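J.: No letters, just coordinates:
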């Protein structure tokens, strides 16, 4: 028998009835962390089990929990939840999508911090995973999180989503987390020195940062059975791409404008290719237009997504006159 | 738009009409390698693409191809195909399941060879992946193969399998490739020194080797919509577990009986716990009984699975009197 979440711990309250930012934030704060932890536990199996499939061993559980349950901004699940609420998806399905993406994000950070990649000793102010648990277990915990993530996305089927729609979401999820998404973007990084063009950099952005941002908004769309070729879905797809891009550009600008920064000498930064104010202006214009389109089509229900985009626009605004 | 295999390159010939071992072997030799390569290409995306999702970058493609398309025994896909033919599954669905498992097997070998794990410079007589492409790209290619594998399993939906059955297979696939399966088994290895019991070792075997063997036989079962709680499915599940276990024991015995071997001093080897002839005898008896049960229920159609098990039984036989 496959272990799975029971109906009881899958149950979450309905979406907030009013659409104020406060209600939404409170709802997310109440449900997100506990769902993430329950989904992880379910995908690791219950202990002790006496016959296969055996639950994950203790060392691996602890190592995964250290990174996944560390305090974080949870921007990707928040995007998934804002989209899910906009589309009136069952809350559990939106949580499943958001937490699956957070697990992929976490896996990519653990592997990225390894000595053979960026070799970072710290992550979010704490020692990075391999500094605490060793490289071998850090490697395995990243690997494990990919399977946990897919397992978590499957919870949407238990929330009443049609199997065919779940399959569509899994297809996109594989794209976003795989060689055409996050991992592809990471593999492009060493190639940039030989192909230092803005076009190539933007392809890398689309994989490294963009893919999971896009998935955060598009998995709820897939689960709702809405095509990205419809007008309703198309504006979400464009908004998702622009938001992911803008998020990365704002990040680059923040790094670049630190005193003594040498980011402008590195082809993996946007400002190697265009000046900071120009990068900010262009990106701001693109995201602002996509946000307007989203609002035009989805109306008041787009408020939470628009407010997340508003924060990025504000950041970019600050850099337009630097 | 998500890139996907077209109906054309998904098309494979029907199963061989007669059930001789020669026809089956010929069928497998004709279809398996080309399907594996096509499925990989599909999951990496077509090049060049001018907007997202972008196809996987060249360096990553080459690195993955180096390991996945290297000559191998393909024992796991052969098991999936033998089971699929036994259950009269659409051939494409059985190929999708078998190739997905081969990709997971390949990912686990690439990561296992890394310096932070077993630190092996050679694999199947050729330099291991990281010796050729560097540790960073080897890491990423293993990561990528997990997503490719899931994507390949999804091809079964295009072969006419009901979405709900595909979801069942994905659930099991996540279990087999994740922290309750292969990865869990690998994480248990360092714990063995502190818990050197036969029971703990058998749990490790169930993850490290067993999980993918079990999945090779059970994914076709899931895709056929047969419950493992039915008599038909139950004998396959037991056979799968015993075959995976016997395969690992035979492997341990082979290593142990090499001249000068010190395997009996290592708790990760079966012969640290019981003598070689005793291990061979016990394991032989268990697999022989499971094979008989499989034959009783599935009759002549079980011939190909029984012949694969026959090879392992022959090997164990040799060690019964050592």
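T.: Received, thanks. In this text, all values refer to a predicted model and were calculated from it rather than measured experimentally. Residues are numbered from 1 along each chain as shown, chains lettered A, B, ... in the order given.

J.: Break down chain A into its helices, ranges please.
T.: Assigned by DSSP state H, chain A shows helices spanning A:7-10, A:21-44, A:58-68, A:75-86, A:91-113, A:129-133, A:135-158, A:163-177, A:182-188, A:198-205, A:211-223, A:231-256, A:276-298, A:303-319.

J.: could you give the mean pLDDT of the longest one?
T.: I take that to be helix A:231-256. For helix A:231-256, mean pLDDT is 95.

J.: Can you work out which other helices and strands pack against it?
T.: Contacts defined by 3 or more CB pairs under 8 Å, 6 or more residues apart in numbering or on different chains; DSSP states H and E place helix A:231-256 against helix A:198-205, helix A:211-223, helix A:276-298, helix A:303-319. C-beta here means a position set from N, CA and C on the backbone, and glycine is covered the same way.

J.: Please spell out which residues along it are buried.
T.: Neighbour-count burial for helix A:231-256 flags A:233, A:235-253, A:256 (criterion: 16 or more other CB atoms under 10 Å in any protein chain shown).

J.: Same question for the last one.
T.: Judged by neighbour count (16+ other CB under 10 Å), helix A:303-319 contains these buried residues: A:303-306, A:308-309, A:312-313, A:315-316, A:319.

J.: Output the contacting helices and strands for it.
T.: Secondary-structure packing of helix A:303-319 (3+ CB pairs under 8 Å, 6+ apart): helix A:21-44, helix A:75-86, helix A:231-256, helix A:276-298.

J.: ditto for the second one
T.: The contact analysis (3+ CB pairs under 8 Å, 6+ apart) places helix A:21-44 against helix A:58-68, helix A:75-86, helix A:91-113, helix A:135-158, helix A:303-319.

J.: any chance of those helices in JSON lines, plus distance to residue B:14 and mean pLDDT?
T.: Putting the helices and strands packed on helix A:21-44 into JSON lines (distance: least, CB to CB, whole Å; pLDDT from 0 to 100) gives the following:
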{"stretch": "helix A:58-68", "distance to residue B:14": "43", "mean pLDDT": "97"}
{"stretch": "helix A:75-86", "distance to residue B:14": "43", "mean pLDDT": "97"}
{"stretch": "helix A:91-113", "distance to residue B:14": "37", "mean pLDDT": "98"}
{"stretch": "helix A:135-158", "distance to residue B:14": "31", "mean pLDDT": "98"}
{"stretch": "helix A:303-319", "distance to residue B:14": "49", "mean pLDDT": "95"}
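
J.: can you tell which of the ones you listed is closest to residue B:166?
T.: Proximity to residue B:166 (CB to CB) singles out helix A:135-158 among the helices and strands packed on helix A:21-44, at 10.8 Å.

J.: and the closest one, anywhere near chain B?
T.: Yes. Against chain B, helix A:135-158 shows contacts by CB under 8 Å from any CB of the partner chain at A:135-137, A:139-140, A:142-144, A:146-148, A:150-151, A:154, A:157.

J.: now the helices and strands packed on helix A:303-319 in a markdown table, with distance to residue B:92?
T.: Listed next are the helices and strands packed on helix A:303-319 as a markdown table, based on distance: least, CB to CB, whole Å:
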| stretch | distance to residue B:92 |
| --- | --- |
| helix A:21-44 | 29 |
| helix A:75-86 | 33 |
| helix A:231-256 | 29 |
| helix A:276-298 | 39 |
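
J.: picking that back up, which of the helices and strands packed on helix A:231-256 has the highest mean neighbour count?
T.: Highest mean neighbour count of the helices and strands packed on helix A:231-256: helix A:211-223, a mean of 27 (counted as mean count of other CB atoms under 10 Å in any protein chain shown).

J.: Residue A:174 versus the closest residue to residue A:68 other than its chain neighbours, what's the distance?
T.: Closest residue to residue A:68 apart from its sequence neighbours, by CB to CB, 6 or more residues apart in numbering or on different chains: residue A:106 at 4.9 Å. Per CB to CB, to the nearest Å, residue A:106 is found 17 Å from residue A:174.

J.: Around the closest residue to chain B within the stretch 201-322 of chain A, count how many other residues there are.
T.: Per CB to the nearest CB, residue A:206 is where the stretch 201-322 of chain A lies closest to chain B, at 4.7 Å. Neighbour count for residue A:206, taken as other CB atoms under 10 Å in any protein chain shown: 25.

J.: Let me know how buried the residue nearest to residue A:68 is, in neighbour terms.
T.: Residues near residue A:106, counting by other CB under 10 Å, number 25.

J.: Tell me which of the helices of chain A lies nearest to residue B:229.
T.: Across the helices of chain A, residue B:229 has its closest neighbour in helix A:135-158 (19.3 Å, CB to CB).

J.: Just want the angle from the closest one to helix A:211-223.
T.: If you take axes from the mean of the first three to the mean of the last three CA atoms, to 10 degrees, helix A:135-158 sits at 20 degrees to helix A:211-223.

J.: Could you measure from the residue nearest to residue A:187 when sequence neighbours are not counted over to residue B:43?
T.: The spatial neighbour of residue A:187 that comes closest, neighbours along the chain excluded (CB to CB, 6+ apart), is residue B:60 at 4.0 Å. In this view, residue B:60 and residue B:43 are 12 Å apart by CB to CB.

J.: The two: who's more crowded?
T.: Of the pair residue B:60 and residue B:43, residue B:43 is the one with more neighbours under other CB under 10 Å, namely 30 against 26.

J.: where does residue A:7 land on pLDDT?
T.: Reported pLDDT for residue A:7: 46.

J.: So what's the residue count around residue A:174?
T.: Residue A:174 has 25 neighbouring residues, counting by other CB under 10 Å.

J.: check contacts around it.
T.: Residue A:174 sits next to B:43, B:147-148, B:150-151, B:154 when contact means CB atoms under 8 Å, 6 or more residues apart in numbering or on different chains.

J.: Repeat that for residue A:15.
T.: Contacts for residue A:15 (CB under 8 Å, 6+ apart) come out as A:27, A:85, A:88, A:91.

J.: is it possible to export the residues you listed to JSON lines including neighbour count?
T.: JSON lines is the format used below for the contacts of residue A:15 (neighbours: other CB atoms under 10 Å in any protein chain shown):
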{"residue": "A:27", "neighbour count": "18"}
{"residue": "A:85", "neighbour count": "22"}
{"residue": "A:88", "neighbour count": "11"}
{"residue": "A:91", "neighbour count": "21"}
